[in-house]
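Chemist: quick one, what's the 3D model for this:
(one chain, ligands or ions: 2)
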Amino acid sequence: MTKLLDVKNLSVSFGGLKAVNQFEIQIGSQELVGLIGPNGAGKTTVFNLLTGVYTPTEGSILLDGNSLIGKGSNKIVNMGVARTFQNIRLFKNLSVIDNVKIAFQSQMKYSALAAVLRLPSYWKEEKLFEEKALDLLKIFKLENFAYQKACNLPYGEQRKLEIARALATEPKLLLLDEPAAGMNPSETNELMETIRLVKEKFEIAILLIEHDMSLVMGICEKVAVLEYGSIIASGSPEQIQNDPRVIASYLGESD
Ligand SMILES: Nc1ncnc2c1ncn2[C@@H]1O[C@H](COP(=O)(O)OP(=O)(O)OP(=O)(O)O)[C@@H](O)[C@H]1O
Ligand SMILES: [Mg+2]
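Modeler: Ligands and ions are numbered 1, 2, ... in the order given. Sure, this is the predicted structure:
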């Protein structure tokens, strides 16, 4: 069976540093996979390669059998890969709901003329996308903030808004870069539950970067461990927790 995402021998260097080195991963169409590893291991760089921000020096990236290499970031979004960023990137002066609606843009069908003249076709679609955006905000309990400026949201809610916006592009694969960063433990647990729910509801695959091991082990079906740009282990959470190399280099001695 072909995997949704099939990455092989992926490498990129910055100056003399091999930030990602012979990286590989396979993700099934509705799998929730964790990507863990110490600071500077290359996790975010992997996302930047998958989304066309960087071009790899070697390797292949196949989504549903189609290569993503050399495709621009917008094209890759249209092909079904959406992401959030380690450092939140929202349109801070736009409303919360407009941040989501912007992501629907490629799906909007009315003509520019219809928009300028505010023709019925424009209003009909506007209403539809307003409702779709509200539905996404509800998943993250953000609907009451819908008409506030994004910059006025608390930090944790801004992170959720980024996920809602990513979902608006109707991805097959969602890449989340430390979505729980800056959240307290109860917010984090709630977010992880929501991420699991999102995966089921939208029937998508998710690749989740996270530092907190216990958290990743709790929700992911598969975990891949990155060190110095290379995968040193991958498997079920249980396999990872018992992998001698992972224990030695990442988990430390357990007592
Ligand atoms: N554009 C760049 N130019 C030069 N070096 C870079 C660039 N992007 C990343 N690096 C380097 O590549 C390595 C991997 O960085 P990356 O941000 O992918 O790590 P990470 O695993 O996401 O770390 P963290 O857990 O801190 O977010 C680091 O040494 C980093 O300094
Ligand atoms: Mg990172």
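Chemist: where does pLDDT dip in the stretch 51-200 of the chain?
Modeler: Applying pLDDT under 70 to the stretch 51-200 of the chain flags the ranges 110.
Chemist: name the SS class of the residue in it that ligand 2 sits nearest to, please.
Modeler: The stretch 51-200 of the chain approaches ligand 2 most closely through residue 86 (4.8 Å), counting by CB to the ion. (C-beta placed from N, C-alpha, C; glycine too.) The assignment at residue 86 comes out as coil when based on DSSP: H, G, I helix; E, B strand; the rest coil.
Chemist: is it in contact with residue 180, as I believe?
Modeler: No - at 11.5 Å, residue 86 does not count as touching residue 180 under the criterion of CB atoms under 8 Å.
Chemist: those two - which one has more neighbours?
Modeler: residue 180 (22 against 14; other CB atoms under 10 Å).
Chemist: identify the residues contacting the biggest helix by length in the chain?
Modeler: The residue-count maximum for a helix in the chain (DSSP state H) belongs to helix 120-139. By CB atoms under 8 Å, 6 or more residues apart in numbering, the residues outside helix 120-139 that reach it are 96-97, 100-101, 104, 107-111, 114-115, 143, 145-146, 161, 164, 167-168, 194, 197-198, 201.
Chemist: give the ChimeraX command for selecting the buried subset of these.
Modeler: To isolate the buried members of the contacts of helix 120-139 in ChimeraX, using 16 or more other CB atoms under 10 Å:
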select :96,97,100,101,104,114,143,145,146,161,164,167,168,194,198
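Chemist: one step back: so what's the residue of the stretch 51-200 of the chain closest to ligand 2 up against?
Modeler: Residues near residue 86 by CB under 8 Å, 6+ apart: 44, 177, 178, 181, 209.
Chemist: so which of those residues belong to strands?
Modeler: Counting by DSSP state E, the part of these found in strands is 177, 209.
Chemist: and the two most separated of the contacts of residue 86?
Modeler: Farthest apart among the contacts of residue 86 by CB to CB are 44 and 181. That separation is 11.7 Å.
Chemist: ok, and the most crowded of the contacts of residue 86?
Modeler: Of all these, the highest neighbour tally under other CB under 10 Å goes to residue 209, namely 23 neighbours.
Chemist: and that one, what does it touch?
Modeler: Taking CB under 8 Å, 6+ apart, we find residue 209 in contact with 34, 35, 36, 43, 44, 47, 86, 175, 176, 177, 178.
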